[in-house]
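[1] Sequence below, structure please.
(one chain, ligands or ions: 1)
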Amino acid sequence: MTQTWESNTDVPSIADRLRAAQRIAILTHAKPDGDAIGSTLALARTLTRMGKHAIPVYLNPWPARFDPVLADTPVIHEHADCWSEAALDNIDTVAILDTGSWNQLADARTWIAGREDSTIIIDHHAHGDPEIAAARLIRTSAAAAAQIAADICCNLLGAEPSDLPVSIAEPLYLGIATDTGFFRYSSVTPDTMRLAADLIDAGVQHNALYRLVEQSDDVSRLRIITRALNNMQLFANDAAAVITISQQDADECGVSMDDVGGLADLPQSVASVRAVAVITEVDPEMSKVSFRSKAGPDHIDVNTLAQQFNGGGHVHAAGAKIHKPLAEARALIIAALEGTAG
Ligand SMILES: [Mn+2]
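    Numbers count the residues shown, from 1 in each chain. Below you'll find the predicted structure:
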């Protein structure tokens, strides 16, 4: 049977499935973000209020800044023996939110495989592996998985969003706010804003969540930003920028290479800049490049650029690994960007 990545169910049917369930494991993608954490936590708290056993499982790496959001809700953080924990005994239903791709489920794959008939996917991404779950609620128009989760939580509790318990409204708001860059992205619709307003009516402290997510960096973040701006190079009439981060830079600033994401945003604040490459040192012979470009009629297709280096991604966000030392990789990427942006 050929399956396609399309929705094959609806909110009332998913809610009925969850009403009939007793022991539910709730999964999301590795390196969970605000939407992954918010949508799973809201569903777990809703099911727990209904008297069910519902346990989120978070694949590594866990972002520590979200610890306060968990509060005292029981969750499992991935570790060597996590799949044999008692909380995962006799699971009858698996809900996977904010992803439907094997490659994002990493080490959970072995545990999930074979459970497709009792697995539900709730997602807003355009691509996924449909064979993971027999029931798939996919709404690509949703700005966040939390927006779909909100419909399910409201159905399960017989509540309007503005009447949700704040412990459920808060993680839903977190998911919507973080997946929309705090309501800036083109994915935001009037429905997104109305739901967010309803959740604030329910008691969400939106500014406290903003502070938690956007204003809680370690001071080492400022050090690596300073370093990045110091070695940034603009070229092609300031249409392109390249930033390199060596292992020594990361060490001296006190950050790990996992924590250097988002640096491409810095030069993108300049009007003339249309594409940015951030190159990080993997080891003395290997570099990793992350491309970003702005949308618009004069946009640069960084997917095509990344493909020149055997990488890929999307038109405005792509990456590649280059078997070259950092300085050589930098020269190759500047040449490639000059060919495109010049
Ligand atoms: Mn999401």
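[2] Going by C-alpha atoms from here, please, whenever you check contacts or count neighbours.
    OK.
[3] Please list the residues of this structure that sit near the ion.
    Residues of the chain lying near the ion by Cα under 5 Å from the ion: 35, 98, 144.
[4] try it again with 6 Å
    Within reach of the ion by Cα under 6 Å from the ion, the chain has these residues: 35, 98, 144, 145, 179.
[5] my guess is the last one contacts residue 143, does it?
    Looking back up the chat, that one is residue 179. Yes - the criterion here is Cα atoms under 8 Å, and residue 179 meets it with residue 143 at 6.8 Å.
[6] ok, residue 171 - contacts?
    Counting by Cα atoms under 8 Å, 6 or more residues apart in numbering, residue 171 makes contact with 37, 38, 39, 41, 42, 69.
[7] Tell me the confidence at the closest residue in space to residue 284 that isn't next to it in sequence?
    Among residues not flanking residue 284 along the chain, residue 325 sits closest, at 5.4 Å (Cα to Cα, 6 or more residues apart in numbering). Residue 325 carries a pLDDT value of 98.
[8] and residue 325, how many neighbours?
    18 (other Cα atoms under 10 Å).
[9] That one is in contact with residue 289, isn't it?
    No - if you go by Cα under 8 Å, residue 325 and residue 289 don't touch, sitting 11.9 Å apart.
[10] Between the two, which contacts overlap?
    Common neighbours of residue 325 and residue 289 (Cα under 8 Å, 6+ apart) do not exist.
[11] circling back to that earlier point, can you redo the contacts of residue 171 as JSON lines with neighbour count and secondary structure?
    Shown next, in JSON lines, are those (neighbours: other Cα atoms under 10 Å; DSSP: H, G, I helix; E, B strand; the rest coil):
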{"residue": "37", "neighbour count": "29", "secondary structure": "helix"}
{"residue": "38", "neighbour count": "32", "secondary structure": "helix"}
{"residue": "39", "neighbour count": "31", "secondary structure": "helix"}
{"residue": "41", "neighbour count": "29", "secondary structure": "helix"}
{"residue": "42", "neighbour count": "26", "secondary structure": "helix"}
{"residue": "69", "neighbour count": "18", "secondary structure": "helix"}
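[12] of all those residues, which two lie farthest apart?
    Across the contacts of residue 171, the longest distance by Cα to Cα is 11.8 Å; it joins 39 and 69.
[13] circling back: more neighbours: which of residue 179 and residue 143?
    For residue 179 versus residue 143, neighbours defined as other Cα under 10 Å are more numerous around residue 143 (26 against 22).
[14] Name the nearest residue to that one, sequence neighbours excluded.
    residue 187 (5.1 Å).
[15] I'd guess the one you found is in a helix, am I close?
    No - Residue 187 is assigned coil when assessed by DSSP: H, G, I helix; E, B strand; the rest coil, not a helix.
[16] That one is in contact with residue 125, isn't it?
    No - applying Cα under 8 Å as the test, residue 187 and residue 125 come out as separate, 11.8 Å apart.
[17] which one is the residue of the stretch 101-250 of the chain found nearest the ion nearest to, not counting chain neighbours?
    Proximity of the stretch 101-250 of the chain to the ion (Cα to the ion) peaks at residue 144, 4.6 Å away. In space, and not counting its chain neighbours, residue 144 is closest to residue 176: 5.3 Å by Cα to Cα, 6+ apart.
[18] Now do the one you found against residue 303, distance only.
    27 Å (Cα to Cα, to the nearest Å).
[19] Kindly report the same for residue 165.
    Here residue 165 is placed at a distance of 43 Å from residue 303 (Cα to Cα).
[20] And those two? Which one has more around it.
    Set residue 165 next to residue 303 and count neighbours by other Cα under 10 Å: residue 303 wins out with 21 against 18.
[21] residues contacting that one?
    Per Cα under 8 Å, 6+ apart, neighbours of residue 303: 311, 312, 313, 314, 315, 316, 317, 318, 319.
[22] Many thanks, I have nothing further to ask.
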